[in-house]
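In: got a predicted model here, sequence first, then my questions.
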Amino acid sequence: MTDYQYATNKPGRILINYNTVRTAELKTIYESMVSDRTVQNIDADFAHENEENVHDCIDFLHAIDLLERDGDDRVVSPLNRDVFPDLPFEARVLHHLRQQQSPKDHLTRIHNIALETANRSVTLDVLLPQVKGSLDGYDFSWNETKLRMWRALSTQLGVVSETKTRSVILSPCRRLLYDLLALHEQRKETADLYSALSWIEESFFNVFETTTGSPRVHPAISDVLQNMESEDVLEFQGMSDAKSEVTLPESVHTQTSRSVSVYDLEPMPDSPAYQYPLAQFEQVITQ
């Protein structure tokens, strides 16, 4: 994998203030970047009456190192195209958010705070004081508007989901975990579950409730893994000579926690449950 590169001359606007940016627009603009393009050319393709949101999308992609801009701000170029090139756009965005350095690391840190308890869901009014208490070192004030931006972006990326009551389910979509487990096995040539989950936590998003003693997977993440297991997409095994094990907490499928060491992936089902949220939405529209 090519080394990660940070873009130069990034916009000064903080990521969480891009309230109107949506993943579908980011993805469409990014996927149009088969080579260098001028901002004027991108405007011609995507800005019908209002160029502002297109420029916000370009700025956001620039701020998270998916695009680079030339000195006079006219030409936009793809950046880090060879970093996890086989992953879908959604997973790559999560990786890029994970790479951001303070003070641009706030989006991924909100997710970390949300997973600090064993709760499988959280409401913004509960999350807000937790964020204020833990992430008070930024040069801006936290409010629900900022958390709504995080919720919208995270939902569209598939790392959380939103219920009709507006609470946030902290479970990622099955497709996201499938893609990351498959890539880890391919890259590392191992199906060691602890190694895979540690790599996901380091490079994409938090997955552990605790890493002290026997590492314990957060219930919201474990629920998805065990759902995939019940659907015969994922198989776990415990090995007596394993160097590392992880604990999967009790769920609707198992009434007690258990320790597992390795995983085995079966072919991914062709079903909406194994698609990213944007693909699920597109499928509904076309039916």
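Out: Thanks, I have the structure now. Please read these numbers as outputs of a predicted model, since none were measured by experiment.

In: who's in contact with His218?
Out: Contacts for His218 were tallied using C-beta atoms under 8 Å, 6 or more residues apart in numbering; they are 115, 118, 170, 206-209. Yep, even glycine has a C-beta here, placed from its N, CA and C like the rest.

In: make a ChimeraX selection of whichever of those residues turn out to be buried.
Out: To isolate in ChimeraX the members of the contacts of His218 that are buried, counting by 16 or more other C-beta atoms under 10 Å, one can use:
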select :115,170,206,207,208,209
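
In: tell me which of the contacts of His218 fall in strands.
Out: Members of these lying in strands (criterion: DSSP state E): 208-209.

In: I'd like the contacts of His218 as a markdown table, with pLDDT and distance to Glu185 appended.
Out: Output for the contacts of His218, formatted as a markdown table (pLDDT from 0 to 100; distance: C-beta to C-beta, whole Å):
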| residue | pLDDT | distance to Glu185 |
| --- | --- | --- |
| Leu115 | 96 | 24 |
| Ala118 | 93 | 28 |
| Leu170 | 97 | 25 |
| Asn206 | 97 | 21 |
| Val207 | 98 | 16 |
| Phe208 | 97 | 19 |
| Glu209 | 95 | 23 |
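
In: what's the closest of the contacts of His218 to Lys132?
Out: For the contacts of His218, the residue nearest Lys132 by C-beta to C-beta is Leu115; the value is 17.1 Å.

In: for the stretch 51-200 of the chain, which spans come out with low pLDDT?
Out: Per-residue confidence of the stretch 51-200 of the chain (counting by pLDDT under 70) places no residue in a weak region.

In: Gln109: neighbouring residues, count only.
Out: Slight slip there: residue 109 is Arg, not Gln. Residues contacting Arg109 under the criterion other C-beta atoms under 10 Å number 18.

In: report the contact partners of it.
Out: Taking C-beta under 8 Å, 6+ apart as the contact definition, Arg109 lies against Leu135.

In: which residues in the chain form strands?
Out: Using DSSP E, the strands assigned to the chain run over residues 37-38, 67-69, 75-78, 121-122, 161-162, 168-169, 208-210, 216-217, 234-237, 246-248, 258-260, 262-265.
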